[in-house]
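**Student:** What shape does this take:
(one chain, ligands or ions: 1)
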Amino acid sequence: MLMLGREGFILDLGWIEDWSALEQYLPFANLALAADNGAFFLAQAMAVCPRSLLQVQKRVFSVHHGTALTRQLCFYDGWALDYEQDVAVLQYQAPQLSAACLASVFPATPHEALVLDVACGTGLVAQELQALGFCRFHGVDGSQGMLECACRKGIYQELQSCMLGHEPLPAPTGHYDAVLIVGALSEGQVPSTVVPELLRVAKPGGFLCLTTRCNASNMKYMTQLQHILDDLEHQGLWEKVLVQEVDKWEIATSEQESMQDSGYISGVIYVYRKGLSHMLSSS
Ligand SMILES: C[S@@+](CC[C@H](N)C(=O)[O-])C[C@H]1O[C@@H](n2cnc3c(N)ncnc32)[C@H](O)[C@@H]1O
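**Tutor:** Sure, this is the predicted structure:
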């Protein structure tokens, strides 16, 4: 299957095996569906304006309602160029708030700190941290499209592809002063079982900043995540430094997801500090 892109290039969308799932991709932009010799083509209108809130809500709905990982990452590949514009429409605040939380507990000299931005996407988190004095960034993500956008920002010294939950982080044990994962610990994205691997690559005494969403469809995931966080704390492998609950994490994608009819979903930011005497082996 081919999609005629906004700039006129053609993208191969042969990975769409389940045609019933096509609906989730339609809100991408102004799309027209046409048939040609029995094959389907998606033609994307040449001039695409910033999408309305409703269009963005439909598009993000599928991210919040977990699909298979490969499909999810293909979704991000196709979303990469519009991602920042769309999340601004949703008033997504996680990168800015997480960077502020980390900076608030980080000891002096952030410019010397080596930071790993896990599921870095287009690089919003590193951008926020850079504004707060951090300047040494490595990033990993499973979506090539998102990595390319992050690379264009020119703020990461290293960017690597990694399918979190399927392969270990491409980093030695005890390597980073800070490890962040923002906007990716949720149903259908990065499994909560990845947390010990994040802890592995942090230096003893290093900081970890994690976020998750509290919308209805993520509650089971959030409970599992909470067990893992608490368990690592009970084992003395890290200590909780800060928990910040955020009522207006981003605009909800549906009425059911909205918290107390506010129109928003809430989220939470956790900051932990790795114990000085414990080193985890690779998981
Ligand atoms: C909502 S975006 C967040 C990006 C960035 N951290 C931010 O806050 O703007 C989620 C990112 O996680 C990545 N991702 C989701 N699941 C993943 C997985 N299992 N392995 C690697 N990357 C994943 C996606 O490709 C996407 O770039």
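
**Student:** What is the burial count for residue 135?
**Tutor:** 15 (other CB atoms under 10 Å). C-beta here means a position set from N, CA and C on the backbone, and glycine is covered the same way.

**Student:** can you give me the end-to-end distance of stretch 255-262?
**Tutor:** End-to-end distance for stretch 255-262: 9 Å, by CA to CA, to the nearest Å.

**Student:** now stretch 249-256
**Tutor:** 16 Å.

**Student:** and it, does that touch the ligand?
**Tutor:** No - Stretch 249-256 does not reach the ligand (CB under 6 Å from any ligand atom); its nearest approach is 9.8 Å.

**Student:** Okay, residue 84 and the ligand: tell me how far apart.
**Tutor:** 8 Å (CB to the nearest ligand atom, to the nearest Å).

**Student:** for stretch 222-241, the distance to its chain's centre please.
**Tutor:** Distance, stretch centre to chain centre, for stretch 222-241: 21 Å (CA atoms, centre = their mean, to the nearest Å).

**Student:** Straight-line length of stretch 133-152, end to end?
**Tutor:** 20 Å.

**Student:** Scan this structure for its longest strand.
**Tutor:** Longest strand in the chain by number of residues (criterion: DSSP state E): strand 238-251.

**Student:** So in that sheet, which strands flank the helix or strand following that strand, and in what orientation?
**Tutor:** Sequence-wise, the next helix or strand downstream of strand 238-251 (DSSP states H and E) is strand 264-274. Its sheet considered, strand 264-274 pairs with strand 202-213 (antiparallel), strand 238-251 (antiparallel) by DSSP bridges.

**Student:** Doesn't residue 193 lie inside a strand?
**Tutor:** No - according to DSSP: H, G, I helix; E, B strand; the rest coil, residue 193 belongs to no strand; its state is helix.

**Student:** pretty sure it contacts residue 165?
**Tutor:** Yes - with contact defined as CB atoms under 8 Å, residue 193 counts as touching residue 165 (6.7 Å).

**Student:** quick one on the thing from earlier: okay, the strands paired with strand 264-274 in JSON lines with mean neighbour count and distance to residue 260 next?
**Tutor:** Shown next, in JSON lines, are the strands paired with strand 264-274 (neighbours: other CB atoms under 10 Å; distance: least, CB to CB, whole Å):
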{"stretch": "strand 202-213", "mean neighbour count": "22", "distance to residue 260": "15"}
{"stretch": "strand 238-251", "mean neighbour count": "16", "distance to residue 260": "9"}
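
**Student:** I'd like those strands laid out as a markdown table, including mean pLDDT.
**Tutor:** Listed next are the strands paired with strand 264-274 as a markdown table, based on pLDDT from 0 to 100:
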| stretch | mean pLDDT |
| --- | --- |
| strand 202-213 | 97 |
| strand 238-251 | 96 |
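
**Student:** Save those strands as TSV, and put in distance to residue 189 too.
**Tutor:** Output for the strands paired with strand 264-274, formatted as TSV (distance: least, CB to CB, whole Å):
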stretch	distance to residue 189
strand 202-213	10
strand 238-251	15
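
**Student:** For this structure, what lies in contact range of the ligand?
**Tutor:** Counting by CB under 6 Å from any ligand atom, the chain sits next to the ligand at 69, 72-73, 76, 94-95, 119-121, 124-125, 141-143, 146, 162-165, 182-184, 189-190.
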